[in-house]
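Undergrad: Sequence and predicted structure, then a few things I'm wondering about:
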Amino acid sequence: GDHHKHTQPQHIPHVDNQLVEEIRKKHASDMDYDPYKDKLEWELLRRAVQLGVPYLGICRGCQLLNVQLGGKLFFDVVSEVPNAVPHIDYDNYDGYRHPIRVLSNTPLAEWYSDTIQDSQQPVLRVNSYHHQGIRKLAPNFRPMAHSDDLLVEAFYDPQRYCPEEGRFLVGLQFHPERMLDEYPGNSRVYEAFMLACKNFRRRRLQRAKTMMAS
């Protein structure tokens, strides 16, 4: 799924009406959105970021996160990115994979270290369910992987990533949970996220106890 409600003119260049109709025909099931759901998710994400709550954005969630913090999206990757690779295959929806190149010294490289170290190139083959994509990363984010058309497929905020201290702000365009048996790293994504959630809660409780005791 993609992020629609907030890919309006302030977040993407002007989109020709004819192009919108063409995309609507190609991605009919993906062009509808619930404005109430969008508004709720937008506000929840705003508050989570404000409070420093650990956040793992997957697919639409990573697009939402990028826009929330000042990034921009492509309205339709195939139409706007030269030599774009397919990022969705309706005829092979869950089975489709495309390669992404993992950048070193990133959380993604750490999670998938076994797979990357055993291969000559730091490449993963991931699922893909989107036709929109990241045009410009928000200022504080750093890319962790690109597809062959140079689209950002994973990113994080280095200043807000330390699971041991309860910090986690990560976006993944692919779904690790839908291919758990393919790479050990798919589970490690969630292990790191849950560690961050656990430590975030622990630190919040400690602060609350200190305030009550003072």
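TA: All right, it came through fine. Residues are numbered from 1 along each chain as shown.

Undergrad: low-scoring stretches of this protein, by residue?
TA: Counting by pLDDT under 70, the chain contains low-confidence ranges at 1-33, 118-120.

Undergrad: Tell me where this protein has helices.
TA: Using DSSP state H, the helices of the chain run over 17-26, 35-51, 60-68, 77-80, 107-111, 113-117, 184-213.

Undergrad: Ok, which of the ones you listed comes nearest residue 156?
TA: helix 107-111 (5.7 Å; C-beta to C-beta). C-beta coordinates here come from the backbone N, C-alpha and C atoms, glycine included.

Undergrad: Now do the end-to-end distance for stretch 63-76.
TA: This stretch, stretch 63-76, spans 13 Å end to end (C-alpha to C-alpha, to the nearest Å).

Undergrad: Okay, buried residues for that stretch please.
TA: Residues of stretch 63-76 classed as buried: 63-69, 71-76 (neighbour count, 16 or more other C-beta atoms under 10 Å).

Undergrad: from the chain's centre, how far out does it sit?
TA: Relative to its chain's centre, stretch 63-76 lies at 10 Å (C-alpha atoms, centre = their mean, to the nearest Å).

Undergrad: Any figure for the gap between residue 183 and residue 169?
TA: Using C-beta to C-beta, to the nearest Å, we find residue 183 at a distance of 22 Å from residue 169.

Undergrad: Distance of residue 91 relative to residue 125?
TA: Distance from residue 91 to residue 125, by C-beta to C-beta: 18 Å.

Undergrad: For those two, work out which one has more neighbours and name it.
TA: residue 125 (14 against 6; other C-beta atoms under 10 Å).

Undergrad: What are the buried residues along stretch 96-112?
TA: 96-98, 100, 102-103, 106-109, 111-112.

Undergrad: With distance to residue 84 added, can I get the residues you listed in JSON lines?
TA: Formatted as JSON lines, those follow (distance: C-beta to C-beta, whole Å):
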{"residue": "96", "distance to residue 84": "14"}
{"residue": "97", "distance to residue 84": "16"}
{"residue": "98", "distance to residue 84": "11"}
{"residue": "100", "distance to residue 84": "14"}
{"residue": "102", "distance to residue 84": "20"}
{"residue": "103", "distance to residue 84": "20"}
{"residue": "106", "distance to residue 84": "24"}
{"residue": "107", "distance to residue 84": "26"}
{"residue": "108", "distance to residue 84": "22"}
{"residue": "109", "distance to residue 84": "25"}
{"residue": "111", "distance to residue 84": "26"}
{"residue": "112", "distance to residue 84": "24"}
